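> Below: sequence and its predicted model.
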Amino acid sequence: MGVTLHLTIDTDRGPIPDVPAIYFVMPTDQNVERICKDMREQLYGSYYFNFITAIPRAKLEELAQTAIQADCVAQVARVYDQYLNFISLEEDLFVLKHCDSEIISYYAMNRGDVKDTDIEQIIDMIVDGLFSAFVTLGTVPIIRCPRGNNAAQMVAEKLDKKMRDNLRDARSSLFVGEGFSSGQLSFQRPLLVILDRTTDMVTPLHHTWTYQALAHDVLSLSLNSIELEIKETTGATSPHRMPPKREKKSYIMSVRDKFWQNHKGSPFPIVAESIQEELESYKSSEEDVKRLKADMGFEDDQADQAMSMLVDNTAKLTSAMSSLPELLAKKKLLDMHTNISFGLLHEIKARKLDIYFETEEKIMGKTTLDKQVIDIINDPDAGSPEDKLRLFMIYYICTPKMTDSELDQYLTALQAAKCDVNPVKYIKRWKNYAKLAMSQYGDAGTKTVSMFSKLMTHASQFAMEGVKNLVVKKHKLPVTRVMDNLMELKASPDTDEYKFYDPKVSGRVVDKVQSMPRQPFQEAIVFVVGGGNYIEYQNLLEYVKEKQQKAPRKITYGCTNLCSASQFLHELSKLGAEVV
């Protein structure tokens, strides 16, 4: 496109009269005011306005009036509503907010002083983001959500109305290219399931064991980027040598990274073993190239000067040398994953995360614990105060009845371990009115197998001694269970009362699903209001893999924001502080 300069809209900019300017902004009051100022000052030769979400008519009229007053109407080349008010992190994963995500967080919707106008504003923001996602997909979904006075139903109702209003006029509809006339149903339309975070309060607190989810929980994976502190290698140490410096490195987890794509949902020991195998494969390839150089009579320091001569030699050597760029790229990726895995391994050992994961899986699966929760809380060497709090809250939620005296005993132990007990206060109040299906984690569990032999040898890059090799038993989390029931049209007391909306059907909302397709859905989008997590996302991917063996299925996971366990605890702590 020839774009040579990128600037934020609030940057001080001088006039460049002959240059076209492309704006890509939210249609906020501040941004529209700044655009008007740019037109009045005749900064550019032409203007292309791209608004991330639909600009309100009042703001559009303000722009038009300013253009007339500034005598630059002819310079306004294009005005677009792009409907891109969401962030796509993966082909099947999107969020609505990253920066300022607290304005649509679980806390923002549940705080004690929240007003009806605040709720309306939050719901409108969520609906705008979801509407943008479906305009981009170019399809109108069938919408399901739990019945009741919850955020999910409010979002579903408003989204249904917004889509109906847009479909009413076929000439201006954003879904014209979809190929369906108004009121017509199709079995191939996707299913949109909108859920509230209260559907599952355990998973956001759960310690995990898979690569991507661990990176999010432990290393703060954010927008597919990880920032790590790496020790610089300085050779042998001595009493007079300065301690090694720590260098910050940022890594991008790209969709083109095959190792990441293949192993992001794998348990950590499998990831470590795979890295070890890749390193051995790389070293073998590197040795082959060095051996060929030596056979041709070139020493290491002569290899670069002789590179041009090597092209005329044997086909074998030519092939080996041509693979060098690929080997170097592979080595760079391996170094990245090795550093990330070392960071994860350090935290796993320091905080005993394998023990926490195994214990929580047994709590959720209602199997016998190797060590009681109170003993782990009282153990000064067992993880951080936050780890202990997360473990207890999962135990508390999954325990149908706990007496006040028992709860007080746990709270005393948590306070002695320097834990913030405000989140427990909120969960106690939440449990009083929440309808919990105690069997929703019934299939959870783990089993411990012997560690991979390659990781226990002295030649291994990973010192895995003391870390359990846990194999996770395949099970469906609550969100996946809901999706399975609704996609496969299964009768279930958990989902039979879910509301049904079809923006293509004229008239009122259909509570009973007489017009539902009689064949299972092949494609679905699940959206969690109040924050999502990588654990649910990966559990859905596992479900899709299992279903793919019988029939094609695709599920996209979306949420208001991706919330780590620490962030979710912080929100619960603020809510608990409001409990009298």
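Okay, I see it.
> Can you verify my assumption that residue 410 contacts residue 392?
Yes - here residue 410 reaches residue 392: they are 5.9 Å apart, a contact under CB atoms under 8 Å. Heads up, the C-betas are built off the backbone N, CA and C, glycines and all.
> Spit out the residues that contact these two alike.
Applying CB atoms under 8 Å, 6 or more residues apart in numbering, one finds that residue 410 and residue 392 are jointly contacted by 373, 377.
> So for the two, which residue has more residues nearby?
It is residue 392, of residue 410 and residue 392, that has more neighbours when counted by other CB atoms under 10 Å, with 27 against 19.
> The more buried one: what's it in contact with?
Applying CB under 8 Å, 6+ apart, the residues near residue 392 are 373, 377, 410, 414, 419, 424.
> can I assume the first one is in contact with residue 359?
Yes - shown here, residue 373 and residue 359 form a contact pair, counting by CB under 8 Å, at 7.4 Å.
> Could you check which of the two is surrounded by more residues?
Neighbours around residue 373 and residue 359, counted as other CB under 10 Å, are more numerous at residue 359. The numbers are 23 against 20.
> Which helix or strand contains the more buried one?
When elements are assigned from DSSP states H and E, residue 359 belongs to helix 353-365.
> After that helix, which helix or strand is next? Please name it.
Using DSSP H and E, the helix or strand that directly follows helix 353-365 along the chain is helix 373-378.
> what's that following helix packed up against?
Contacts defined by 3 or more CB pairs under 8 Å, 6 or more residues apart in numbering; DSSP states H and E place helix 373-378 against helix 353-365, helix 385-398, helix 404-416.
> buried ones in that helix?
If you call a residue buried by 16 or more other CB atoms under 10 Å, then helix 373-378 has these buried ones: 373, 376-377.
> before we move on, back to that, gap between the helix holding residue 359 and the chain center?
22 Å (CA atoms, centre = their mean, to the nearest Å).
> which strands and helices sit next to that helix?
Secondary elements touching helix 353-365 (3+ CB pairs under 8 Å, 6+ apart): helix 373-378, helix 385-398, strand 446-449, strand 469-472.
> picking that back up, and the helices and strands packed on helix 373-378: which comes nearest residue 169?
helix 385-398 (47.6 Å; CB to CB).
> angle of that closest one against helix 404-416?
170 degrees (axes from the mean of the first three to the mean of the last three CA atoms, to 10 degrees).
> Lowest-scoring secondary structure element of this structure by mean pLDDT?
Among the helical and strand segments of the chain, the one scoring lowest on mean pLDDT, DSSP states H and E is helix 453-456, with a mean of 44.
> just checking, residue 88 touches residue 94?
Yes - taking CB under 8 Å as the definition, residue 88 is a contact partner of residue 94 at 4.8 Å.
> higher neighbour count, the two?
Applying other CB under 10 Å to residue 88 and residue 94 shows that residue 94 carries more neighbours, namely 22 against 14.
> tell me which residues form a beta bridge with that one?
Using DSSP bridges, the bridge partners assigned to residue 94 are residue 88, residue 558.
> coming back round to it: between the helices and strands packed on helix 373-378, which one is nearest to residue 32?
Distances from residue 32 to each of those were compared using CB to CB; the shortest belongs to helix 385-398, at 42.8 Å.
> Just give me the closest of the contacts of residue 392 to residue 397.
When those are compared for distance to residue 397 (CB to CB), residue 424 comes out closest, at 10.3 Å.
> Just the buried residues of the strand or helix carrying the closest one, please?
Secondary structure from DSSP H and E places residue 424 in helix 422-433. Of the residues in helix 422-433, those buried by neighbour count under the rule 16+ other CB under 10 Å are 422-428, 430.
> for this structure, what's the longest strand?
If you go by DSSP state E, the chain has its longest strand at strand 16-25.
> what about stretch 533-545, distance to the chain center?
Distance, centroid of stretch 533-545 to centroid of chain: 11 Å (CA atoms, centre = their mean).
> shift numbering so it begins at 20
Shifting the count to begin at 20 puts that one at stretch 552-564.
> now that stretch: mean pLDDT?
Per-residue pLDDT over stretch 552-564 has a mean of 95.
> Please apply the same query to stretch 281-298.
Averaging pLDDT along stretch 281-298 yields 91.
> can you give me the strands for the stretch 470-599 of the chain?
Ranges of strands in the stretch 470-599 of the chain, per DSSP state E, counting those that start in this stretch, are 488-491, 518-520, 542-548, 573-578.
> Let me know which of the ones you listed is tucked in deepest.
The highest mean neighbour count among these belongs to strand 542-548 (a mean of 25), with neighbours defined as mean count of other CB atoms under 10 Å.
> now the end-to-end length of stretch 52-68.
One end of stretch 52-68 sits 13 Å from the other (CA to CA, to the nearest Å).
> What are the contacting residues of that stretch?
Here stretch 52-68 makes contact (CB under 8 Å, 6+ apart) with 28-29, 32-42, 44, 81-82, 85-86, 88-89, 91, 94-99.
> just the buried members of those residues?
Applying a neighbour-count criterion of 16+ other CB under 10 Å, the buried members of the contacts of stretch 52-68 are 32, 40, 42, 44, 81-82, 85-86, 89, 91, 94-95.
> quick revisit: pLDDT of the longest strand of the chain, averaged?
Strand 35-44 shows a mean pLDDT of 92.
> List the neighbours of it that are in contact with it.
Applying CB under 8 Å, 6+ apart, the contact partners of strand 35-44 are 22, 28, 50, 54, 57, 61-71, 96, 101.
> That one - which strands sit beside it in the sheet, and in what orientation?
strand 63-70 (parallel).
> any idea how far the strand it pairs with is from the chain center?
Once both centres are worked out by CA atoms, centre = their mean, strand 63-70 turns out to sit 33 Å from its chain's centre.
> ok, residue 214 - contacts?
Contact criterion CB under 8 Å, 6+ apart gives 164-165, 171, 498, 501, 545-548 as the residues in contact with residue 214.
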